[in-house]
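Q: I would like the atomic coordinates for the input below:
(one chain, ligands or ions: 1)
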Amino acid sequence: MTAVAETMDYAEVVERFDPVLGLEVHVELSTNTKMFCGCENRFGGEPNTHVCPTCLGLPGALPVVNGLAVESAIRIGLALNCEIAPWCRFARKNYFYPDMPKNFQTSQYDEPIAFDGHLDVTLDDGEVVRIEIERAHMEEDTGKSLHVGGATGRIHGAEHSLLDYNRAGVPLIEIVTKPITGTGARAPEVARAYVTALRDLLRALGVSDVRMDQGSLRCDANVSLMAKDAAEFGTRTETKNVNSLRSVERAVRYEMTRQAAILVAGGSITQETRHFQEADGTTSPGRTKETAEDYRYFPEPDLVPIAPSREWVEELRGTMPELPWERRKRVQAEWKLTDAELRDLINAGAVDLIAATVDQGASPADARGWWVSYLTQQANKLGVELGELAITPAQVARVIALVGEGTLTNKLAREVVDGVLAGEGEPDEVVEKRGLKVVSDDSALYKAVDEALAANPDIAEKIRGGKVQAAGKIVGDVMKATKGQADAKRVRELVLERCV
Ligand SMILES: [Zn+2]
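A: Numbers count the residues shown, from 1 in each chain. Here you go, the predicted structure:
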């Protein structure tokens, strides 16, 4: 394998092969407690402080299903147009690994709670691709291992490993697509667009905070290639835990070029898991992939089956929030956007953020202005997506309100946003801490105006003589003296008042 060229030119790959994708997305639910015990479900915390006998797998501890997690699973299933199983069970997925203290993961195997759905995904140019959903099932997250002493942070070469079970037992939903075929050269883009659409959907449902950077949304990308004339799928690899939208696209693309080079050289693909390397965009081999038989699944004897009544399912269907595609249709009409304008906002990841800002009381024009100009510039500067900026729609709405009520000028408002992005607190706190309020106290302004006039007697004379346009220089000086914190219009009024 080492003798072959490492990757093939992408254009040649798609000329010779058809890619087949399978995407598995794990989403951590934002319930208050874990899946089978009452431990707090919260990111971070001192290691091994959110644990109890159940999630540590101590002998005799018995699990109880988190009802809200089941409800979230059903809502996700409904939003993905799935059938909801009238009866299903949990299963034990048996394996030994230190981050799984029970030596099995409680998951669902052949009886998922939701199955046979689809999600329509819009690509950057507006083309819609329907992704078929195989299943969405419930399971629990594992703990976290921290491998210390090695160069890569992985177990290979490490001196010792630390274990944190705070995450063990956190409710997870795994959403699995059917094989995605026929996407050709656009396969990497389709993969990214699907995970983006799924993230937006899960966010709209309010079931998860969908932070890829914190691992609450994780994607495993299965990729295989089939020669143009082949009748069967090729051997696939599974690239694990790709942790940004851009990485999903890069990982799929890299795997396509890597596998093609091996196949063309007469080699064969090893079925294995692989790790994505953020730094250079390549993947490297992990463990050889287990098959389902290796896990010796069997129905979980400590939990009763889940049998959601049809009435409950219909009740949940009736309380679904506005979903992203419904919202897009509505805002296009309300904000009077052309198809191209809407698509630009969608591609910028701005629609939901603008809508949420409007929900917090801002006008659509103001909300759109902030998100597509200044905030987009800041996101580009930081190399993050708009939605990853450390500012919430509510905070943007507050900044807009402060401008509206005259407390801030647009320039000061940008400084407040900078402060929020820098972690200095809520907009009002930043205004306070940085002393950014518009000087609206007329006595302070009169003083600055008088000083400016006294320093420029010739100009003052001109204004008194009727040359009103000469006031610009004085207004400029006052603005400088008040560090831009005065309202220029008011300053001008005061200058003219002083010169009559
Ligand atoms: Zn627990």
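Q: Can you name the residues of the stretch 1-150 of the chain that neighbour the ion?
A: Contacts of the stretch 1-150 of the chain with the ion, taken as C-beta under 5 Å from the ion, map to Cys37, Cys39, Cys52, Thr54, Cys55. C-beta coordinates here come from the backbone N, C-alpha and C atoms, glycine included.
Q: Please apply the same query to the chain.
A: So far as C-beta under 5 Å from the ion goes, the chain lies against the ion at Cys37, Cys39, Cys52, Thr54, Cys55.
Q: Scan the residues of the stretch 1-150 of the chain next to the ion and report the most crowded one.
A: Neighbour counts for those (other C-beta atoms under 10 Å) peak at Cys55, which has 27 neighbours.
Q: Could you chop the chain up by domain?
A: Annotated domains of the chain cover 10-299, 322-434, 442-498 [the TED database].
Q: avg pLDDT for the longest one?
A: Per-residue confidence for domain 10-299 averages out to 94 on the pLDDT scale.
Q: So the residue in the stretch 201-350 of the chain positioned nearest to the ion versus Cys37, what's the distance?
A: Per C-beta to the ion, Asp302 is where the stretch 201-350 of the chain lies closest to the ion, at 14.3 Å. Plainly put, Asp302 is 12 Å away from Cys37 if you go by C-beta to C-beta, to the nearest Å.
Q: what's the overlap in contacts for these two?
A: Common neighbours of Asp302 and Cys37 (criterion: C-beta atoms under 8 Å, 6 or more residues apart in numbering): Pro63.
Q: Quick check: buried residues in stretch 449-458?
A: Across stretch 449-458, burial judged by 16 or more other C-beta atoms under 10 Å covers Val449, Ala452, Leu453, Asn456.
Q: Ok, stretch 204-222 next?
A: For stretch 204-222, by 16+ other C-beta under 10 Å, it's 204-205, 207-208, 210-212, 215-222.
Q: So which of the residues you listed sit within strands?
A: If you go by DSSP state E, the buried residues of stretch 204-222 have Leu217, Arg218, Cys219, Asp220, Ala221, Asn222 in strands.
Q: Turn the residues you listed into TSV, columns for distance to Met138.
A: Shown next, in TSV, are those (distance: C-beta to C-beta, whole Å):
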residue	distance to Met138
Leu217	16
Arg218	16
Cys219	18
Asp220	17
Ala221	22
Asn222	21
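Q: And these, which is closest to Ala413?
A: Leu217 (31.7 Å; C-beta to C-beta).
Q: Which residue is the nearest non-sequential neighbour of the closest one?
A: In this structure, Leu217 finds its nearest non-sequential neighbour in Val210, 4.5 Å apart by C-beta to C-beta, 6 or more residues apart in numbering.
Q: Please verify my assumption that the one you found contacts Val27.
A: Yes - counting by C-beta atoms under 8 Å, Val27 is a contact partner of Val210 at 6.8 Å.
Q: how many neighbours does the residue nearest to Arg186 when sequence neighbours are not counted have?
A: Nearest non-adjacent residue to Arg186, counting by C-beta to C-beta, 6+ apart: Leu123, 6.8 Å away. Leu123 is flanked by 17 other residues according to other C-beta under 10 Å.
Q: next one: Pro171
A: If you count neighbours by other C-beta under 10 Å, Pro171 ends up with 27.
Q: May I have the phi/psi pair for it?
A: Here is the backbone geometry of Pro171 (degrees, to the nearest 10): phi -60, psi 130.
Q: partner residues bridging it?
A: Note on Pro171: beta-bridge partners Glu140, judged by DSSP bridges.
Q: so who does it touch?
A: Glu28, Leu29, Thr31, Lys34, Met35, Asn41, Asn66, Ala69, Ser72, Met138, Glu140, Asp141.
Q: Check which element follows the host helix or strand of Ile262 along the chain.
A: Ile262 is part of helix 245-264, with elements assigned from DSSP states H and E. Using DSSP H and E, the helix or strand that follows helix 245-264 in sequence is strand 272-277.
Q: In CSV, list the C-alpha atoms belonging to the next helix or strand after that next one.
A: Once strand 272-277 ends, the next helix or strand along the chain (criterion: DSSP H and E) is strand 282-288. Presented in CSV, the C-alpha positions along strand 282-288 are these (Å, rounded to 0.1, in the frame of the first residue of the first chain):
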residue,chain,number,x,y,z
THR,A,282,-5.9,13.8,5.7
THR,A,283,-7.2,10.7,7.4
SER,A,284,-5.2,8.0,9.2
PRO,A,285,-6.1,4.4,10.1
GLY,A,286,-7.8,3.7,13.4
ARG,A,287,-9.0,0.3,14.4
THR,A,288,-10.2,-2.4,12.0
